[in-house]
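>>> Got a predicted model here, sequence first, then my questions.
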Amino acid sequence: MSKIVLIGAGSAMFGLGALGDIFQSHALEGSTISLVDINREALDAVAKTARDYSSEHHLNYTIEATTDRKEALKNAGYVIISIEVGNRYELWEQDWHIPQQYGIKQVYGENGGPGGVFHALRIIPPILEICADVDQICPEALVINLSNPMTTISMAIQKKFPNMKLIGLCHEISSLVIHLPKMLNTEFDNLKIRAGGLNHFSILLEASYRDSGKDAYPEIREKVPEYFGKTSERGLFMKLFQYFGYVPITTDSHLGEYVSWAQEVADHKGIIDFYTGYKKECLSYVVNPQKRIAEGTQPEEYWRVIPIIEGIETDDKHEELAVNMQNNGLISNLPDHVIVEVPAYVDRSGVHGMKIDMPAGFGGLLSNRVGVLDMTVEAVLSRSKKAALQALLVDPIVDSVSAAEKTLDTILSFQSQYLGYLK
């Protein structure tokens, strides 16, 4: 069986959740799981829980744990990356609020807008170091990126290592898995859907009932205003639905990072409430190791890494709702080199994207992102402050040269530990 390497495994949520999913898999029995983290104490805690659980349940897995990434990558078939850099929330809040201090109307600050640029500039370099080791030690391995900003990271990897086998996975598609059955009073298994776009900026394109073959979108369009109209973080969501005619798969916090007029219509209180609650929950959350590893990831997380690995190992030819991969004509509105989020099918030869038809209007919004993505990647690869400034200046969120210049200088002073390479 293949060797599965989890990089960032010291995170109890990621490491134990991934292990739980693997331990529930019959197809992956006999695999070697290599846990990697720079935090030895956290890594050892996860490894001990995994070994104890495996022993108690008489599971057939070999579990390794090491801080030596190069050693772990030997003979790897799959490399799963889930890392962050520095104090996540302190840096996130700088990304979010420093641009606002200079008048840039940024509604969030994680993956798009200036905040997304800064986040990408911090996290791409260490991920490229990981990928350089993969390229040298196990070049045939499938790299599965879970880290954000998903699109920019994946584009940087693909540009630096064009022959690398790479996909990115995100759980945002779970909103459709959760909400559509409630809205339509049917099981999700009875629905056939197609969604796509860019990560955190996708829409539901098609929906039908499997039992009758009937188009479900007319009913969805009829029910969306009542179903979503009174929930939080849906101001921009509802405007996009109203004027573009398709249901976004996520909420205002993510959507607002990509739309120049988001400031006017976004549910700002909902965004702040969400972030505050999310931060509080994460910082105070105590993981029950045995429970986490026993249950694995939950349905609302819709974490599809292990089903994809199973699909490759068993050649089951199943379909996935959302995979991030190089475009190469999958969405005709976007350049081939951009990483897009599309449905895909899985077989022994890998993960294969499925072409989708993107309506011209929403395709135009997606196209506005391309320059930001390209220049952010260029800034990292060329270690260029000038390219980083250009990434800000081509962003639809930014409407002031002075604000862009001051924001970048301030961020560089606050985050010199991570961004000092930009010259």
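Structure's in. What do you need?

>>> right, and residue 304 touches residue 169 too?
Yes: the criterion here is CB atoms under 8 Å, and residue 304 meets it with residue 169 at 5.8 Å. In this view, the C-beta of every residue, glycine as well, is placed from N, C-alpha and C.

>>> For stretch 48-55, C-alpha coordinates in CSV please.
Extracted as CSV, the C-alpha positions of stretch 48-55 are listed here (Å, rounded to 0.1, in the frame of the first residue of the first chain):
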residue,chain,number,x,y,z
LYS,A,48,0.7,8.5,20.7
THR,A,49,-3.0,8.8,20.3
ALA,A,50,-2.9,7.2,16.9
ARG,A,51,-0.7,4.3,18.0
ASP,A,52,-2.8,3.7,21.1
TYR,A,53,-6.0,3.7,19.0
SER,A,54,-4.6,1.5,16.3
SER,A,55,-3.4,-1.0,18.9
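
>>> quick one: that stretch to chain centroid distance?
Centroid separation for stretch 48-55 versus its chain: 29 Å, with CA atoms, centre = their mean, to the nearest Å.

>>> how about it: buried residues?
Buried residues in stretch 48-55, counted by 16 or more other CB atoms under 10 Å: 49, 50, 53, 54.

>>> which residues touch the third one?
Residue 53 is in contact with 19, 23, 59, 290, 293, 294, counting by CB atoms under 8 Å, 6 or more residues apart in numbering.

>>> let's see it at 6 Å
residue 293 (CB atoms under 6 Å, 6 or more residues apart in numbering).

>>> and the helix or strand hosting it, how far out from the chain's middle?
Using DSSP states H and E, residue 53 maps to helix 40-56. Remark: helix 40-56 is offset 26 Å from the chain centroid, using CA atoms, centre = their mean.

>>> What's the first helix or strand after it?
With secondary structure assigned by DSSP H and E, helix 40-56 is succeeded by strand 62-66.

>>> Give the buried residues for that next one.
63, 65, 66.

>>> Okay, helices next: where are they in the stretch 51-200 of the chain?
69-72, 88-101, 113-137, 150-160, 174-184 (DSSP state H, counting those that start in this stretch).

>>> which SS class is residue 269?
helix (DSSP: H, G, I helix; E, B strand; the rest coil).

>>> Please name the nearest non-neighbouring residue to it.
Nearest non-adjacent residue to residue 269, counting by CB to CB, 6 or more residues apart in numbering: residue 232, 7.5 Å away.

>>> so which strand or helix has that neighbour?
Residue 232 belongs to no helix or strand when elements are defined using DSSP H and E.

>>> count of neighbours near it?
Residues within reach of residue 232, counting by other CB atoms under 10 Å, total 13.

>>> And it, what's its pLDDT?
As predicted, residue 232 sits at a pLDDT of 84.
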